[in-house]
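Student: Below is the structure, and that's it, no one-letter string:
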């Protein structure tokens, strides 16, 4: 279920990776009584932000830094433990591929692709899915993580 359609009705525990686009989603999920765990991934401590904002919503927040200068050393995938029934993630393709590969369940990923026209005519932002080619600008940008053919 794309994030824009709201959370799946039968899910109650969510894992969220990356920051600003998912802040309002976390706020909405928590307001509905769901338990939300957020993983924020950065290269260094100097780049970290939104930790306090997510925590103030009532989310369990874990910060990762590649260099280990703050929080868990490594990538967001290094902090993907615990129980969750759905995940939402946005960020670089390589991170989304890694998150989808490590996840214990399905999730929603917001893909970033270079877009030539922005309305689907040029097919420049096309991705391979189990249901054929889809355009990030038209059918996305949010896709079921299990539908994407990760290359």
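Tutor: Arrived safely. The shown structure was predicted, so the numbers you read here are calculated from the model rather than taken from an experiment.

Student: so where's the chain shaky on pLDDT?
Tutor: Where the chain drops to pLDDT under 70, the residues are 1-18.

Student: Tell me which residue is most central in it.
Tutor: residue 89 (0.3 Å; C-alpha atoms, centre = their mean).

Student: which stretch of helix or strand covers it?
Tutor: Assigned by DSSP states H and E, residue 89 falls within strand 86-90.

Student: Which neighbours in the sheet does that strand have, and how are they oriented?
Tutor: Here strand 86-90 has these sheet partners by DSSP bridges: strand 13-17 (parallel), strand 107-110 (parallel).

Student: List the buried residues in it.
Tutor: Buried residues in strand 86-90, counted by 16 or more other C-beta atoms under 10 Å: 86, 87, 88, 89, 90. Heads up, the C-betas are built off the backbone N, CA and C, glycines and all.

Student: Quickly list what the residue nearest to the last one when sequence neighbours are not counted is bridged to.
Tutor: Going back to what we said before, that points to residue 90. Excluding its sequence neighbours, the residue lying closest to residue 90 (C-beta to C-beta, 6 or more residues apart in numbering) is residue 110, at 3.6 Å. Taking DSSP bridges as the rule, residue 110 bridges to residue 90, residue 142.

Student: Report the separation between the two terminal residues of stretch 59-72.
Tutor: 17 Å (C-alpha to C-alpha, to the nearest Å).

Student: Run through the strands of this structure in chain order.
Tutor: Secondary structure of the chain, counting by DSSP state E: strands at 13-17, 35-42, 60-65, 72-73, 86-90, 107-110, 126-129, 132-135, 142-144.

Student: hmm, back to that, what angle separates the strand holding residue 89 from strand 35-42?
Tutor: 30 degrees (axes from the mean of the first three to the mean of the last three C-alpha atoms, to 10 degrees).

Student: picking up where we left off before, can the buried residues of strand 86-90 go into TSV with extra columns for distance to residue 74?
Tutor: Formatted as TSV, the buried residues of strand 86-90 follow (distance: C-beta to C-beta, whole Å):
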residue	distance to residue 74
86	23
87	17
88	20
89	16
90	19
